[in-house]
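> Need a 3D model of the sequence below.
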Amino acid sequence: MIQAPSAWEVRFPRYLEGEAVRGFWMSGVRVTLGEGGEVAALTHLHREAEEQGIYPLKTVEEAWQEVLAGRATHVDSIALGTGGGKPQPFSVLVQEVGLGYREAEVMRLQAYLQPYYLFQGQAQSQGGEAPITLYVPALAQEWLEEAS
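You can find the predicted model right below:
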């Protein structure tokens, strides 16, 4: 749930393998409530997804080395921005690591969902502290090179 200055936004995301699919705008339902609690907007997005196969994953240690090298492919943070852009310098205290999926922005074609390692924690910058998620593709590097 997100609170805007005069409204509330409630999101009901898609779930795969028991976990919410992440991203700036993911499949699911979004309800925006006005100041008086009335429904101000209701939006829905659904992208089909079906299992294509089982693929090898890189290790968590390999993914962590990519984070340390600045090669996270996406960054989600309220304070630092969301998506693939490069934020201002910041430090991160990683508190949790897991596997998950991330959907592309609504206007971007996405042919498939792939697993990501999600490094979640707190980002600290000159502007303060905020929750952050860093994404690293989880598929083994040799498989990614074969697919491209």
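> Spell out which residues make up each domain of the chain.
Structurally, the chain divides into domains by automatic domain parsing as follows: 2-45, 60-147.
> Which stretch among those is buried most, on average?
With neighbours taken as mean count of other CB atoms under 10 Å, those reach their highest mean count in domain 60-147, at a mean of 15. No exception for glycine: its C-beta is placed from N, CA and C like everyone else's.
> returning to what we had before: now the domains of the chain in JSON lines, with mean pLDDT?
Output for these, formatted as JSON lines (pLDDT from 0 to 100):
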{"stretch": "domain 2-45", "mean pLDDT": "77"}
{"stretch": "domain 60-147", "mean pLDDT": "81"}
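> Residue 54 is nearest to which of the ones you listed?
domain 60-147 (10.8 Å; CB to CB).
> how far is that closest one from where the chain is centred?
Relative to its chain's centre, domain 60-147 lies at 7 Å (CA atoms, centre = their mean, to the nearest Å).
> which helix in the protein runs the most residues?
As assigned by DSSP state H, the longest helix anywhere in the chain is helix 60-68.
> That one packs against which elements?
Contacts defined by 3 or more CB pairs under 8 Å, 6 or more residues apart in numbering; DSSP states H and E place helix 60-68 against strand 91-101, strand 115-125, strand 128-137.
> Let me know which of those is the nearest to residue 71.
Closest to residue 71 of these, according to CB to CB: strand 128-137, at 7.1 Å.
> quick check: angle from the closest one to strand 115-125?
Put simply, strand 128-137 runs at 160 degrees to strand 115-125, going by axes from the mean of the first three to the mean of the last three CA atoms, to 10 degrees.
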